[in-house]
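Visitor: what follows is a predicted protein model with its sequence.
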Amino acid sequence: MADQLTPNGHIDEVSGVETTGHEWDGIRELNNPMPRWWVLCFYATIIWAIGYCVLYPAWPLINDATRGVLGFSSRAEFAADMNAAKVAQSAVVEKITASSLQEIAADPQLSQFATAAGAAAFRVNCTPCHGSGAAGGQGYPNLNDNDWLWGGNLDQIYQTVAHGIRDPADPETRISEMPAFADMLKPNEVREIAAYVVSLTGTPRDPAMATPGKQLFADNCASCHGEKAEGNRDMGAPDLADAIWLKVDGEAGIARQILAPRHGVMPAWNARLGDVAVKQLAVYIHSLGGGE
Amino acid sequence: MNLYTASHLEQNGSSVERIDVQSAHPPGKPHQPLYEKRKKIFPKKAEGQFRRFKWLVMLITLGIYYLTPWVRWDRGPFAPDQAVLVDLAGRRFYFFFIEIWPQEFFFVAGLLVMAGFGLFLVTSAVGRAWCGYACPQTVWVDLFLAVEHFIEGDRNARIKLDAAPWSFGKLWKRVVKHSIWLLIAVATGGAWIFYFADAPSLAFDFVTGQAAMVAYSTVATLTATTYVLGGLMREQVCIYMCPWPRIQGAMLDEHSLVVTYNDWRGEPRSRHAKKAAATGQPVGDCVDCNACVAVCPMGIDIRDGQQLACITCALCIDACDSVMDKIGKPRGLIAYATLEEYDHNMYIATSGGTTAIDPGKVRNTDGSFIDAMRHFNWKIILRFRTLLYFGVWALVGLGLVYALLSRDRLEVNVLHDRNPQFVLESDGSIRNGFTVRLLNMIPEPRTILLSMEGLPEATMKITGVTDLPGRLFAIQVEPDKTLALKVFVTLPKDAISAEATDFRFIAEDRSSHEKDSHPAVFNTPGPRK
């Protein structure tokens, strides 16, 4: 019987099983059947595949793909998931919209939500300049410390984020400009002021220059930076008597900044992110450790 | 010639009915088709000491499984009152007076190690006792067989019913049987979910259709597996699906107890012992009644020798013992025996392998066994291998008990901010940020004191707790909860002496005198030049 079934009619002597008819150096392959459960599973996968092709997107076409009867789309599913998340958050978001920054900070649930959301917004929008840890860099303020150019309480931070600094597109932006003293002071006077500024926190190269520098500072700089060089937050004039240097470090750098000052620019975020996100950013930045 | 055997067969042989049955798994059959259909097995009801023991084990194991979730255990107002509860959503595991947090899962791992070594210990001592008595597959198949026996009758009635054409009576019996099986299966799946939620409220929700989808799908899955594995597949699970029969061969040695057909006294088996004895041929105790094959739930013939399909449920021992009682022979033709004693007795019966089995060689003329015979000695269980397994098992167990008694219920964990690692403040001081987690691992609210050890000049500020710097804070932690705190530590400019300074956070509960600490590092850019 097996002879009739196989084309070459070969039956293996030892096992009594027919072979596939293939032979390699006298070795033949037994033609054992696939297990029945395996074959049934195989047929089941074929039926499944047909059903899948009908119900779901499956076959690529030139500009599109077959859509499937169910109309499933992973993009639509993703959009629905995001929408559901938004709906789930809407109650908290509404509360944040209606609350003042102080109320948000005082409510543990709101402040936790705002801090997390603010951190997410920060990672997307702020890290290019301020760094992922908000530690800043030369010319870009460190938001962790307690040295604030324009103030470090919630409202001041909110104002800075919302309207930016020296953003020409925002009429409410924070604005100030340090004049270039190259035309007004002699090079020697500039060096003397630089020596004086350094002497506030350290030791200048030539301490003798700091003495005339003090008078020059009072005449030219104190109106913005203050009598004691403690800065002025109303016009974003930095504190020159503290340990933190935003743009420059050292006497030569200070002299350059006096001759031809550089000014940072930060865009206004209110129009781009909306009021809720700006509030959340303010709460997050305030929570980093330097908030007042 | 064995006069003893012959004479007793004369008196009693007629009372032993021979059952027409063959092993469903005959050994060494050449050219056996690989995809042969399953041979139906109709196990006959057995009676005897091992059957009684199996009923007892079934009662205890099923009782534990079905009833445990309903046992209550008072833990106060802040924890559930279910004695055994795996709270996956809350990430807590309750076992009577023990509560385990996810990080203490090593207790469960330790129990699994103990279960593993316990299995090695039991198997090396008494063979596949797990398979034969305690394995859920064995227990549930036993239960399903009891139902089948109750509805359809014993072996012969079931064979008849199976062969009979479909009729109302047959249909009725089958429907009833499968319905009861499904009920058992549903109860099995149903009991499982009660370990994962408060049993009474989940039972109410489940019946009223308010339980979570996962509860219904779990019950459906376990119902299906119980019904299919226990009711329909039965012995095939053990033979084709379970890895343990293949592993356990490595656990057995010549001193392990296994269910053994003692062919040194049974062979040559004969249905016509009288005739054989009359012609002067040797006659063994086995009357070839096939009772041992008929009762076997695996459908094997134990007389073929030790085999993978034997789960050592010992029902063949019960069946054979009752036959031996009937024909007036000593029990133990099929018995728990070690390979060592079997080999010794076989050596005597075959004169060292030189002759065919002559059961006369192991007996005195009065029928009693000769003194040179070897019988089972309980001391053999105490040998190096079993003692080693027991030693490891006990060591792990003692280690777990020690860990349980000495474990902390108050913990503090510290994570240093990675970015930035330190912050320069305007007065030149350096600030480091830490996330400090206080773990209150008891179901009661606590006041935990958080302080620092080392860095004497440094001060802490904790967000949301206080704006004032200090070195010791009292913090309220909710029962059975972890509280994450954002802690800022500030070191004044003058105190900065190294880039990294070790210190510790200390958490203390002064009322219970519990204390835990965690090392931390304070980073700075280094002392100012």
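Guide: Good, I have the coordinates.
Visitor: residues from the stretch 351-500 of chain B in reach of chain A?
Guide: Near chain A, the residues belonging to the stretch 351-500 of chain B are B:417-420, B:423-428, B:431, B:433, B:463-464, B:486, B:488, B:493 when assessed by Cβ under 8 Å from any Cβ of the partner chain. (Each C-beta comes from the backbone N, C-alpha and C, glycine too.)
Visitor: run the last query once more with 10 Å
Guide: Residues of the stretch 351-500 of chain B lying close to chain A (Cβ under 10 Å from any Cβ of the partner chain) are B:417-433, B:461, B:463-464, B:486, B:488, B:490, B:493.
Visitor: what's the ChimeraX line that selects buried ones from these?
Guide: The ChimeraX selection below is limited to those of those classed as buried (16 or more other Cβ atoms under 10 Å in any protein chain shown):
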select /B:417,420,421,422,423,424,425,426,429,430,431,432,433,461,463,486,488,490
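Visitor: and the residues of the stretch 351-500 of chain B next to chain A, which of them are in strands?
Guide: The members of these that map onto strands under DSSP state E are B:V423, B:L424, B:I430, B:R431, B:N432, B:G433, B:K461, B:K486, B:F488, B:T490.
Visitor: of those, just say which sits nearest to B:R271.
Guide: Each of those was scored against B:R271 by Cβ to Cβ, and B:K486 proved nearest at 87.6 Å.
Visitor: just after the helix or strand B:V86 falls within, pick out the following helix or strand.
Guide: Secondary structure here is read from DSSP states H and E; on that basis B:V86 sits in strand B:84-87. Toward the C-terminus, strand B:84-87 is succeeded by strand B:92-95 as the next helix or strand (DSSP H and E).
Visitor: that next one pairs with which strands, and in what direction?
Guide: Here the strand partners of strand B:92-95, with direction, are listed using DSSP bridges: strand B:84-87 (antiparallel), strand B:98-100 (antiparallel).
Visitor: compare these and give me the one nearest B:S512.
Guide: The closest approach between B:S512 and any of those, judged by Cβ to Cβ, belongs to strand B:98-100 at 15.6 Å.
Visitor: now that closest one: buried residues?
Guide: Result for strand B:98-100 [16+ other Cβ under 10 Å]: buried residues B:E99, B:I100.
Visitor: please apply the same query to stretch B:92-99.
Guide: The neighbour-count check on stretch B:92-99 (16+ other Cβ under 10 Å) flags B:R92, B:F93, B:Y94, B:E99 as buried.
Visitor: can you lay out the strands paired with strand B:92-95 as TSV showing mean pLDDT?
Guide: TSV is the format used below for these (pLDDT from 0 to 100):
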stretch	mean pLDDT
strand B:84-87	94
strand B:98-100	93
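Visitor: which residue is the nearest non-sequential neighbour of A:A271?
Guide: When the adjacent residues along the chain are set aside, A:A271 lies closest to A:D170, with 7.7 Å between them (Cβ to Cβ, 6 or more residues apart in numbering or on different chains).
Visitor: so the one you found touches A:V161, yeah?
Guide: No. Using Cβ atoms under 10 Å, A:D170 is not in contact with A:V161, being 11.4 Å away.
Visitor: list the residues that contact both of those two?
Guide: Both A:D170 and A:V161 are in contact with A:P267, A:A268, A:W269, A:N270, where contact means Cβ atoms under 10 Å, 6 or more residues apart in numbering or on different chains.
Visitor: for those residues, which one is nearest chain B?
Guide: Chain B lies nearest to A:W269 out of those, by Cβ to the nearest Cβ, at 22.0 Å.
Visitor: that closest one contacts A:D167, correct?
Guide: Yes. With contact defined as Cβ under 10 Å, A:W269 counts as touching A:D167 (9.4 Å).
Visitor: need the overlap of contacts for those two.
Guide: The overlap between the contact sets of A:W269 and A:D167 (Cβ under 10 Å, 6+ apart) is empty.
Visitor: that older thread, mind putting the buried residues of stretch B:92-99 into JSON lines with distance to B:P479?
Guide: Supplementary listing: the buried residues of stretch B:92-99 in JSON lines, determined by distance: Cβ to Cβ, whole Å:
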{"residue": "B:R92", "distance to B:P479": "12"}
{"residue": "B:F93", "distance to B:P479": "17"}
{"residue": "B:Y94", "distance to B:P479": "14"}
{"residue": "B:E99", "distance to B:P479": "11"}
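Visitor: so which pair among these is furthest apart in space?
Guide: Taking Cβ to Cβ as the measure, these span a maximum distance of 7.3 Å, between B:F93 and B:E99.
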